[in-house]
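A.B. asks: would you be able to build a 3D model of this:
(one chain, ligands or ions: 1)
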Amino acid sequence: MKTKNVVDLTDLSHEELEEVVKLANEIKNRPEDYMDACRGKILATLFYEPSTRTQMSFQTAMLRLGGKIIGFDNPQNSSVAKGENLKDTVTVVGGYSDILAIRHPLEGTAAAAAMYSPVPVVNAGDGGHLHPTQTLTDVVTLSNESGRLDHLCIGLCGDLKNGRTVHSLIKTMSTFEGNRFVLISTPELTVPRYIKDIINASGCKYTEVRSLAEAMPLLDVLYMTRIQRERFASEEEYKRQNGVFVLDREKLRTAKKTMKILHPLPRVDEIDVEVDYDDRAKYFVQTVYGMYGRMALILKLLENNTKEYPGRVMPTHPFRCINPRCISSTEKYLPGLFDEAGGDMLICKYCDGRRLI
Ligand code: NCD
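C.D. replies: Residues are numbered from 1 along each chain as shown. Below you'll find the model as predicted:
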């Protein structure tokens, strides 16, 4: 595969994505053919933020391919606790391993890590920004369970503002023809402006609604998400949002019989456990598809990437990003990198935040 780093799934061309999904299905059908495919290779997982599924499925994926794993899931046990910066950690761990998966509470961290890593970097979640391997999980699930990735009516419900899985899923699904999005949230938790701009530019359509009942009969896919408590400024603000949308058996009465219910997990209370026994609930099998998706992605990224330390990246502008949750606001050595969006508007290449010149 030509792509070296996966900051978002849209870094892969459509062809590359199709190849990864196809390989994931091949591995699922014949896992014994791949049990030595990564013999001698090492995956490093650098997790600066809690995780169950993503970290374990990355690790399981590498182990099932015959490779080995190193890493940390509590930065307090690493030199990060002594004040080591991201650049140095990534440079060193990249020297020990063949591929890095990184999760961090700040937006843009994977993009920053990729600037220093000698080996491929995969974003395993950067703050409330992006989460490409969850989207790969979702795509493998839909290709198997819905039988297609286009012409789907996809409802996304819950914390669409802070939910990184939502942002990555919309970005990827809007590259397939004929998909429509129904955005189900409170006015406070709607998707960021830049995601709406991406949908509009793709030619796909979206509508915003304030109730599950209104959306339900239209949907081929319902993607439920939890309210991202850790991203709220105060507990009061979180409590105002939590519990607004709860999927239960009663609400499913008007849904299509073929609708698929997905959730990146962890679930808090946005899906009643009774729903787990409905045939349309796919969120547990989704986690298994995710493991095969990550196996395929690891294999493809290791195909022809040799260890090479990247050269220095120069700033594009003499400005800094003004988003306090952007990695470049904390790690001051990072060059200011922006795309020009017309007029006086700049878009930060790490976090997609906007600022004026
Ligand atoms: C998601 C995440 O970390 O963004 N979890 C996951 O990786 N499966 C969703 C969430 O935490 O709500």
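A.B. asks: contact partners for the closest residue to the ligand within the stretch 151-300 of the chain?
C.D. replies: Shortest the stretch 151-300 of the chain-to-the ligand distance, computed as CB to the nearest ligand atom: residue-wise this is Pro264, at 4.0 Å. In this view, the C-beta of every residue, glycine as well, is placed from N, C-alpha and C. Pro264 makes contact with 53, 131, 134, 137-138, 165, 225, 286 under the criterion CB atoms under 8 Å, 6 or more residues apart in numbering.
A.B. asks: repeat that with 10 Å
C.D. replies: With contacts defined as CB atoms under 10 Å, 6 or more residues apart in numbering, Pro264 is in contact with 53-54, 125, 131, 134-135, 137-138, 163-166, 168-169, 223-226, 283, 286-287, 290.
A.B. asks: same question for Gly203.
C.D. replies: Counting by CB under 10 Å, 6+ apart, the residues that Gly203 touches are 174, 177-179.
A.B. asks: with just CA atoms, put the longest helix anywhere in the chain into PDB.
C.D. replies: If you go by DSSP state H, the chain has its longest helix at helix 283-302. Provided in PDB are the C-alpha atoms of helix 283-302 (Å, rounded to 0.1, in the frame of the first residue of the first chain):
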ATOM      1  CA  TYR A 283     -22.500  -3.700  18.100                       C
ATOM      2  CA  PHE A 284     -20.900  -6.800  19.600                       C
ATOM      3  CA  VAL A 285     -20.200  -8.600  16.300                       C
ATOM      4  CA  GLN A 286     -18.900  -5.200  15.100                       C
ATOM      5  CA  THR A 287     -16.000  -5.500  17.600                       C
ATOM      6  CA  VAL A 288     -14.900  -8.800  16.000                       C
ATOM      7  CA  TYR A 289     -15.000  -7.300  12.500                       C
ATOM      8  CA  GLY A 290     -12.800  -4.500  13.900                       C
ATOM      9  CA  MET A 291     -10.100  -7.000  14.800                       C
ATOM     10  CA  TYR A 292     -10.100  -8.400  11.300                       C
ATOM     11  CA  GLY A 293     -10.100  -4.900   9.900                       C
ATOM     12  CA  ARG A 294      -7.000  -4.000  12.000                       C
ATOM     13  CA  MET A 295      -5.200  -7.200  11.000                       C
ATOM     14  CA  ALA A 296      -5.800  -6.300   7.300                       C
ATOM     15  CA  LEU A 297      -4.600  -2.700   7.900                       C
ATOM     16  CA  ILE A 298      -1.400  -3.700   9.700                       C
ATOM     17  CA  LEU A 299      -0.600  -6.200   6.900                       C
ATOM     18  CA  LYS A 300      -1.100  -3.600   4.200                       C
ATOM     19  CA  LEU A 301       0.900  -0.900   6.000                       C
ATOM     20  CA  LEU A 302       3.800  -3.300   6.600                       C
END
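A.B. asks: any idea how far it is from the chain center?
C.D. replies: Centre-to-centre, helix 283-302 and its host chain are 13 Å apart (CA atoms, centre = their mean, to the nearest Å).
A.B. asks: is that helix anywhere near the ligand?
C.D. replies: No. Shown here: helix 283-302 not in contact with the ligand (CB under 6 Å from any ligand atom), separated by at least 7.8 Å.
A.B. asks: hang on, the earlier thing: does the residue of the stretch 151-300 of the chain closest to the ligand count as helix, strand or coil?
C.D. replies: coil (DSSP: H, G, I helix; E, B strand; the rest coil).
A.B. asks: start the count at 55 instead of 1 going forward.
C.D. replies: Okay, residue one is now 55; in that scheme the one you just asked about reads as Pro318.
A.B. asks: ok, the contacts of Gly257 vs Arg408, which is closest?
C.D. replies: Closest approach to Arg408 among those (CB to CB): Ser228, at 19.7 Å.
A.B. asks: tally up the residues packed near the closest one, please.
C.D. replies: 23 (other CB atoms under 10 Å).
A.B. asks: and for Asp204?
C.D. replies: Asp204: 10 surrounding residues under other CB under 10 Å.
A.B. asks: hmm, Ser256 and it touching each other?
C.D. replies: No. Between Asp204 and Ser256 there is no contact under CB atoms under 10 Å: 11.9 Å.
A.B. asks: next up, the contacts around Leu306.
C.D. replies: 266, 270, 276, 313, 315, 326, 328-329, 332, 334-335.
A.B. asks: would it count as being in a strand?
C.D. replies: No. Leu306 is assigned helix when assessed by three-state DSSP, not a strand.
A.B. asks: if I look at it, how far off is Gly390?
C.D. replies: Distance of Leu306 to Gly390, given as CB to CB, to the nearest Å: 48 Å.
A.B. asks: got the residue ranges for the helices in the stretch 205-354 of the chain?
C.D. replies: Taking DSSP state H, counting those that start in this stretch to define them, one finds helices in the stretch 205-354 of the chain at 218-227, 247-256, 266-269, 289-295, 337-356.
A.B. asks: what residues does the helix or strand just after the longest one touch?
C.D. replies: Heading C-terminal from helix 337-356, the first helix or strand you meet, by DSSP states H and E, is helix 381-384. With contact meaning CB under 10 Å, 6+ apart, helix 381-384 is reached by 139-140, 158-167, 180-181, 183, 374-378, 388-391, 402-405, 407.
A.B. asks: show only the entries of those residues found in helices.
C.D. replies: Among these, DSSP H puts 140, 163-167 in helices.
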